[in-house]
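*Asks:* next come a sequence and a model predicted from it.
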Amino acid sequence: MKKFFTLIAAALLSSGAFAQSEWQNLVVNGDMEGEADPMWSSFWCHDWREGVTFDEASEQRYDDKGQFQGFAEIVVDPADPNNHCARVIVRSEAEADEAGNKVCPNNSTSLASWDCQFFIYANEEIPEGKELRMKLKVKAEKSGMFETQAHWKPGDYNYYQLFGNCNYGTEWTTIEVDATVDANHTQSANGKIFQSVAFNLSTMTDGNVIYFDDVKLEMREPKGPEDFDRWFNMLRHGTESADKVNNYTTFTGRDGATGKDIQARVVMDPVDGESALNVTAICYNAFEDKPQLDDEGNPVLDENGEPAIDHLKYHIFENGDTCKMQNGGYGIDDWQTQFFVTVPHKFIPNSQYRLVMWYRADHEADIDTQLHNMPGDYVHYEAIGALHCTPEWQQIVVEEAMRSQGKGCQTIAFNCNKNKDELVNYYFRFDEFSFNMAEVSDAERTLGKEDILLPVPEPGAESATATIDFTNCMNLLESTDFANILGDDHLKLPVKSATEDDEYSPKQQAAAGVFIDDEGYLVDDGAICITANEDSKDNKADYLIDNFGTESFAGKSIETKMLFTYNDWNYVFNTKLIPAADYEKIMSGVNSVSVAQPENVIYDLQGRRVKDAVKGLYIVNGKKVVK
């Protein structure tokens with residue numbers, strides 16, 4: 001057997017149906033082909049146009065800096081005279097300097113990204129809790145990106161983030177993004193509303209001309225509670241999990257002294273003697289002042305002739321090496337020491353999740369939590385709130401919907417350096433980090449990088465056999481219980497099902513064997529039957545592949561998938577059935593293959609075995625026979 005197993009696994013879950021409202025489009029004239037009067041459009045712009053004639057009812061104007069604030073300009077597409085689109089001319093930083101009305105962020109002299117903006121002005125308010133979807137086409141003279149924000153009305157800022165940043169090129173590109181509206185977007189506590197999506201276009205200093213077309217902004221009620229059979233635990237090995245997620249382990253610790261990310265330590269907890277994950281937070285007095293040196297390494301003297309002290313502080317290791325404080329100053333950031341939990345699943349806004357963990361510290365101390373993409377790749381300042389640790393073990397159970405800012409994240413970060421007066425040992429244990437849904441890619445579902453090969457019997461042959469060695473798979477699963485992994489029903493073909501909408505549904509299984517047609521689709525009967533020997537052992541599984549003597553599969557290669565379950569995880573193998581002769585050549589000396597040649601066995605033309613033949617045309621020993 002080829003050694004091909006690489007563990008890239010994630011969850012498959014079956015979810016019930018739920019009630020869902022229809023999408024409601026909130027824009028007018030999204031294709032830019034409607035009324036000539038721009039008041040029939042939902043698109044607003046803040047740019048530096050001059051000489052615009054204002055409609056009295058339009059609310060267009062120039063602000064006190066001379067910036068035009070009004071309807072976006074609709075023009076003929078330069079590449080297609082039959083198409084119209086919105087055009088925004090983004091000025092350069094040099095043009096802004098020359099004009100003397102440059103828009104700058106606070107405490108900065110650089111050009112603000114919101115110097116020029118394009119807005120989708122929805123035709124009604126967008127309340128908190130709604131699902132929002134935006135789809136549009138964009139192109140420009142130069143490739144770039146724009147930021148998206150939530151505004152009340154165009155220019156009346158609510159929140160700096162909505163759909164994230166969007167990239168575009170010099171040809172029409174379709175952008176489709178979604179978000180869930182939360183309290184930050186609506187600013188409802190201030191009595192404001194959310195009705196506009198702002199694009200900050202001045203993200204490059206040399207200016208640009210950007211075009212927009214076919215814009216949709218759609219809203220609907222969030223989907224209701226998910227119907228699901230069980231939570232799906234993403235932590236296969238609990239507290240002692242060492243699974244790799246990208247370049248990180250499930251549990252990663254950031255050393256407070258060096259700032260390095262390493263696999264979290266598993267120690268024996270001094271309180272109860274059980275295994276626990278440990279991270280040690282650094283403190284102020286672990287660092288010390290160091291004399292300031294000039295370029296030649298000589299001490300620098302202060303105004304009093306005394307050795308000057310470097311404005312940085314250093315940690316001194318036992319071997320004499322030094323390490324600067326992570327943030328380069330006297331203070332220690334709360335995130336100088338961090339603990340990370342990472343799962344092989346990108347969080348989905350509104351997906352229900354549950355985190356069950358125990359935690360304690362040597363003495364009372366506090367922890368903040370954050371959302372990260374991967375460890376250290378910060379996204380949002382709050383994940384599950386703040387924790388107060390005591391010397392006694394405490395349990396926390398969090399059950400809630402993933403916030404919108406968690407979209408695409410895979411990590412919860414614990415900031416362990418809030419208490420900086422003395423060293424603190426934090427201890428963690430995790431029972432589960434589970435979800436009720438998991439929309440993951442094919443690659444994340446797949447355990448084998450290459451195909452499992454199985455033989456298709458030769459024309460006229462009743463069956464073929466193959467032995468698959470799962471030793472490498474067992475090593476990756478860190479298991480020796482082969483019988484438990486395979487069990488009686490490990491043979492599942494969850495894809496290409498003719499009867500299931502979810503092509504990865506794990507419902508299709510059969511201990512006595514499964515049937516697929518000549519395209520790999522799961523069917524009831526009358527096709528190739530794959531059966532596993534329930535007595536398989538020593539990490540090797542024996543398979544019987546039976547095509548009932550039919551010739552319809554002769555010479556074909558058939559792609560399907562095999563699935564089995566272990567520790568509540570579903571693992572998928574790409575599987576290919578190839579002609580037995582080819583299989584025997586490829587697997588010679590590796591797999592045990594035999595092809596049974598039955599004698600005088602009778603089949604009808606549909607490939608079904610016949611015991612008592614009546615008059616008609618049949619297949620006997622691979623040949624058509626009239627009886």
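*Replies:* It's in.

*Asks:* between the two ends of stretch 136-150, how far is it?
*Replies:* This stretch, stretch 136-150, spans 17 Å end to end (C-alpha to C-alpha, to the nearest Å).

*Asks:* for that stretch, give the mean pLDDT please.
*Replies:* Computed over stretch 136-150, the mean pLDDT rounds to 93.

*Asks:* tell me which residues in it are buried?
*Replies:* Within stretch 136-150, the residues that qualify as buried by neighbour count (16 or more other C-beta atoms under 10 Å) are 136-140, 144, 146-150. (C-beta placed from N, C-alpha, C; glycine too.)

*Asks:* distance to L162 and secondary structure added to the residues you listed, as JSON lines?
*Replies:* Below are those laid out as JSON lines (distance: C-beta to C-beta, whole Å; DSSP: H, G, I helix; E, B strand; the rest coil):
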{"residue": "L136", "distance to L162": "14", "secondary structure": "strand"}
{"residue": "K137", "distance to L162": "19", "secondary structure": "strand"}
{"residue": "V138", "distance to L162": "16", "secondary structure": "strand"}
{"residue": "K139", "distance to L162": "21", "secondary structure": "strand"}
{"residue": "A140", "distance to L162": "20", "secondary structure": "strand"}
{"residue": "G144", "distance to L162": "18", "secondary structure": "strand"}
{"residue": "F146", "distance to L162": "12", "secondary structure": "strand"}
{"residue": "E147", "distance to L162": "9", "secondary structure": "strand"}
{"residue": "T148", "distance to L162": "5", "secondary structure": "strand"}
{"residue": "Q149", "distance to L162": "6", "secondary structure": "strand"}
{"residue": "A150", "distance to L162": "5", "secondary structure": "strand"}
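
*Asks:* lowest average confidence across helices and strands of this protein, where is it?
*Replies:* Evaluated with mean pLDDT, DSSP states H and E, the helix-and-strand set of the chain has its lowest mean pLDDT in strand 594-596, which scores a mean of 37.

*Asks:* picking up where we left off before, need the max-distance pair from the buried residues of stretch 136-150.
*Replies:* Longest distance between any two of the buried residues of stretch 136-150 is 24.7 Å, between K139 and A150; criterion C-beta to C-beta.

*Asks:* ok, P579 - contacts?
*Replies:* With C-beta atoms under 8 Å, 6 or more residues apart in numbering as the criterion, the residues that contact P579 are 455-456, 458, 554-557.

*Asks:* which stretches of the stretch 101-250 of the chain form helices?
*Replies:* Counting by DSSP state H, counting those that start in this stretch, the stretch 101-250 of the chain has these helices, from start to end: 183-186.

*Asks:* and for the stretch 301-450 of the chain?
*Replies:* Using DSSP H, counting those that start in this stretch, the helices of the stretch 301-450 of the chain run over residues 442-445.

*Asks:* show me where pLDDT drops low in it?
*Replies:* For the stretch 301-450 of the chain, applying pLDDT under 70 flags the ranges 309-331, 437-450.

*Asks:* and the stretch 451-600 of the chain, by the same measure?
*Replies:* In the stretch 451-600 of the chain, residues with pLDDT under 70: 451, 472-479, 481-513, 522, 524-526, 533-537, 549-554, 563-573, 588-600.

*Asks:* before we move on, back to that, ok, so of the contacts of P579, who is nearest A386?
*Replies:* S557 (57.0 Å).

*Asks:* which residues does that closest one contact?
*Replies:* With contact set as C-beta under 8 Å, 6+ apart, S557 has these partners: 576-579.

*Asks:* if you rank these by neighbours, which is first?
*Replies:* Greatest neighbour count in those, by other C-beta atoms under 10 Å, goes to L577: 28 neighbours.

*Asks:* mind checking how far that one is from I516?
*Replies:* Applying C-beta to C-beta, to the nearest Å, one obtains 8 Å for the distance of L577 from I516.

*Asks:* now do the shared contacts for the two.
*Replies:* With contacts defined as C-beta under 8 Å, 6+ apart, the residues adjacent to both L577 and I516 are 528, 558, 560.

*Asks:* quick one: which of those is nearest D431?
*Replies:* The shortest separation between D431 and any of the shared contacts of L577 and I516 is 35.9 Å, and it belongs to T560 (by C-beta to C-beta).

*Asks:* quick check: beta-bridge partners of the closest one?
*Replies:* Taking DSSP bridges as the rule, T560 bridges to T575.

*Asks:* over to Q161: give its phi and psi.
*Replies:* Backbone dihedrals for Q161, given as degrees, to the nearest 10, come out at phi -130, psi 140.

*Asks:* that one: how many residues sit nearby?
*Replies:* Q161, neighbours per other C-beta under 10 Å, totals 17.

*Asks:* retrieve the pLDDT associated with it.
*Replies:* 86.

*Asks:* ok, it to G155 distance?
*Replies:* According to C-beta to C-beta, Q161 and G155 sit 17 Å apart.

*Asks:* what about the strands in the stretch 151-300 of the chain?
*Replies:* Secondary structure of the stretch 151-300 of the chain, counting by DSSP state E, counting those that start in this stretch: strands at 157-159, 166-168, 173-180, 196-200, 208-220, 232-233, 244-245, 248-249, 251-254, 261-263, 265-268, 275-281, 287-291.

*Asks:* which elements pack onto the fourth one?
*Replies:* The one in question is strand 196-200. Helices and strands touching strand 196-200, by 3 or more C-beta pairs under 8 Å, 6 or more residues apart in numbering; DSSP states H and E, are strand 117-121, strand 144-151.

*Asks:* mind listing what it pairs with, with the direction of each?
*Replies:* Sheet pairing here is set by DSSP bridges, and for strand 196-200 it gives strand 117-121 (antiparallel), strand 144-151 (antiparallel).

*Asks:* which residues touch that strand?
*Replies:* Identification of contacts with strand 196-200 by C-beta under 8 Å, 6+ apart yields 44, 112-114, 117-122, 134, 146-157, 162-163, 166, 217.
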